[in-house]
Structure formats: structure tokens, C-alpha cells
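Can you look at this prediction? I've put the sequence above it.
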Amino acid sequence: MVPRAVVNYPLAIAWIATALVAGAAFAQTREDPKNYPSRPIRVIVGNTAGAAQDIVARLVAQRLAETLGQQTVVDNRPGATGQIGMEITSKAVPDGYTLIVTTSAALVLNPLLTRVPYDPYKDFTPISLLVDSPQLLFATTAIPAKTVSELLDLARAKPGQLNCASPGFGGSNHMGCEMLKTMGKVNIVHVPYKGTSPAITDVLGGHAQFMFNSIPAVIGLIKSGKVRAIGHGGTKRSPALPDVPTIAETLPGFQVGTWYALVGPAGLPATIVARLNAEVKKMFDDPQFAQKIVELGQDPAPTTPAGLTAHMRNETARWAKVIKEAGLKPER
């Protein structure tokens, strides 16, 4: 007599369901590039709506929607200087339908300064650097300082009484505060907020006296006279605000900025990476698109995926030196 197989039907059904889900995920990660994209793409932004990062992300997402022929949905996930959005992306299925426009803070500064729930090199697939964005030092109109020298003089006259706001600990905005403190030899207080918008709001209200931020989020406030531009953190004056001197004109060697990059979760198929990288290059090769970026006070800077990785390593070395000079202790 041939033994009859004993079947645990509930277990078998569960196994089949699991296999089907796993098979679907596998199929998604192996999608034929000719069919990509076949559904909407989610573009995560680790900051609040209206922040400079968000403005650039929406421009990029809109152009991708036009050239790829699929809807792109911008998903704002602010908090922890971009770490929340990065963690979500790192755990997403690597099928090209979850991407993130992230920052130098999330990819370089946060891992140097605090414990993050991801590895910037192992948990993501680089696609392209997007823009370089020098930080702008601006202040509430409630204080009399109009120049870097006047702001430093005011800080020296009121040690420990001036607040430098930022969207959170460890971002380039925060690094601007620390560099101003060390290079200007002043006692100022760094005040971290949960995102760019609340930090700017408090500078507007005079609760914080000044902050560093990328130009797109504040250029309207500056031109309307609601806040005062003090100095530009780049190596040269910005075409968007040509009358604003660089901070380096007062403090030689001062340079602070952020940059934005497009990445996906680790394991993103090479064919999809190549397709997305080509689309990024195409949009920045368009003079009208590139001009929009310049008018926002930023510099177009698309790269190859390998170029983005090399840039990350160079920036890691540069900021590690700044952090050491500022005497910042990593939050572990």
C-alpha cells in the first residue's frame, strides 16, 4: 500500500499565499525596463512642504511625470533631519516606484553626528546628484544687524542671547550655525526645530534671531522685506541675490551649503537606475529647466550614479573635519 501524504491545509494555503506575495515582489524588482514605469511613482521628501528641498523635489517629480508618462506623487515625510523619509525608502521594495529626493544632511551629516537607522552606502541605490544649494544667512528685521560684521558685533555684545534656528540637529543649516560660532568666535545658541517651516516662522516672529537655509524657501520673504539677507554661504555671490555678499568676504574660507540627490532603495535594478539617471540628465540639459534652478539660487549638478557615490565620500571627509573643529560630539 502506497502511503498517503498528509496535508496541513491551513499551512499549505498560508505557504501558497506567501509564495505568491514573494513572487509578485520578485517580479516587480525584475520589471522589464521597457515596461517601466507602468504605475505611479512615489517621490519621498524628508522635509515639510515649501522647504527648499521640497521645491526642487516637486520640479524634478513633475518633469519625470512628463517624460516617463506616469504620475509622480510627492510624499512629504519630515522629521529627524530627513531620517524618517530615508528609513521608509530603505525598507521599500526596490522596483523603481519608491524614490527619495534627499539631502547631504541625511546622506552625510546625520551618519557622522548621530545614530541613524540606515547605512547611506549599503541601504540605498544612488541615481544622481541633482543640485548644489549654498546656504543663505538671513535674520529677523527685529534686530539691527544688516551685515555679517554687524551680526557678529551684536553677538559679541550679547553673548549667549542670540538664537540660530535650524530644521534639526546635524543638517547643513546647523553646521552653518556652528561654523559662524567657531570662525566668528562668538557665543550663539543653536535651536533645532522639527522642519524648515517652523524654524523660518520663528525667525519671522523674532523668537529666533537668524538662521541658515537654502534660498528657494526664503527668497520671497527676502524680496518682500519680511526677513533680511545677511550673507551667502557659497564661494561666489548668487545670481538670484547678486547684492548679497558672501560670508567669506568677511570670514575668509567660510563655505556652507547643502545638496540634493535622487536615490532609491538598495537593489534597484541597473536598467531602471540607468533609465532614471538618463531622465535626470535630460531635464538638466534643458536650458529652461536649468534656468528655473538657477533663479531659485541653486546650481544644477547632475552626475552619474558613481559620481554621486564619490561626491558622498568626499563630503563625508570634509564635514568630518568641520565637526571635529566645532567640537561636536556624535549623539549615539
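Okay, I see it.

Please make it C-alpha for all contacts and neighbour counts, starting now.
Will do.

My guess is residue 305 contacts residue 126. True?
Yes. Assessed by C-alpha atoms under 8 Å, residue 305 is found in contact with residue 126 at 5.1 Å.

Looking at those two now, which is surrounded by more residues?
Each of residue 305 and residue 126 has its neighbours counted (other C-alpha atoms under 10 Å); residue 126 has more, 24 against 19.

Going along the chain, name the helices of the protein.
Using DSSP state H, the helices found in the chain span residues 9-29, 52-68, 83-90, 104, 110-113, 148-157, 172-184, 196-204, 219-223, 270-285, 287-295, 305-326.

Show me what counts as buried in stretch 89-102.
Neighbour counts over stretch 89-102 (16 or more other C-alpha atoms under 10 Å) mark 89-90, 93-102 as buried.

circling back to that earlier point, any chance of the helices of the chain in a markdown table, with distance to residue 237 too?
Compiled in a markdown table, the helices of the chain are given as follows (distance: least, C-alpha to C-alpha, whole Å):
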| stretch | distance to residue 237 |
| --- | --- |
| helix 9-29 | 44 |
| helix 52-68 | 18 |
| helix 83-90 | 31 |
| helix 104 | 21 |
| helix 110-113 | 28 |
| helix 148-157 | 14 |
| helix 172-184 | 17 |
| helix 196-204 | 22 |
| helix 219-223 | 14 |
| helix 270-285 | 22 |
| helix 287-295 | 12 |
| helix 305-326 | 22 |
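
Of all these, which one is nearest residue 235?
When these are compared by C-alpha to C-alpha, helix 172-184 sits nearest residue 235, at 14.1 Å.

Residue 268 touches residue 96, doesn't it?
Yes. Residue 268 lies in contact with residue 96 (C-alpha under 8 Å); the separation is 6.6 Å.

Any idea how many residues pack against residue 73?
So residue 73, with other C-alpha under 10 Å, has 16 neighbours.

same check, this time on residue 161
15.

I'd like the distance between it and residue 186.
11 Å (C-alpha to C-alpha, to the nearest Å).

With residue 129 instead?
34 Å.

Looking only at neighbour counts, state which of those two leads.
Neighbours were counted for residue 129 and for residue 186 using other C-alpha under 10 Å; residue 129 has more, 29 against 21.

Could you check the pLDDT of that one?
Looking at residue 129, its pLDDT reads 98.

distance between the ends of stretch 257-273?
27 Å.

so how far is it off the chain centroid?
13 Å (C-alpha atoms, centre = their mean, to the nearest Å).

swap in stretch 88-108?
11 Å.

Need the mean per-residue confidence for that stretch.
96.

For residue 81, give me the pLDDT.
Value for residue 81, per-residue pLDDT: 78.

any idea which of the buried residues of stretch 89-102 is closest to residue 153?
For the buried residues of stretch 89-102, the nearest to residue 153 is residue 102 (35.6 Å; C-alpha to C-alpha).

how is this protein carved up into domains?
The record's domain split for the chain, according to automatic domain parsing, is 34-133+258-326, 134-256.

give me the number of residues near the residue lying closest to residue 243 once chain neighbours are set aside?
Among residues not flanking residue 243 along the chain, residue 237 sits closest, at 7.8 Å (C-alpha to C-alpha, 6 or more residues apart in numbering). When neighbours are counted by other C-alpha under 10 Å, residue 237 registers 18.

next one: residue 144
12.

for it, phi and psi?
Phi and psi for residue 144, reported as degrees, to the nearest 10, are phi -80, psi -20.

how close does it sit to residue 153?
Taking C-alpha to C-alpha as the measure, residue 144 falls 11 Å from residue 153.

joint contacts of residue 161 and residue 186?
residue 155 (C-alpha atoms under 8 Å, 6 or more residues apart in numbering).

and the angle from the lengthiest strand in the chain to helix 305-326?
Scanning the chain for the longest strand, with DSSP state E as the assignment, gives strand 124-140. Between strand 124-140 and helix 305-326, the angle comes out at 50 degrees (axes from the mean of the first three to the mean of the last three C-alpha atoms, to 10 degrees).
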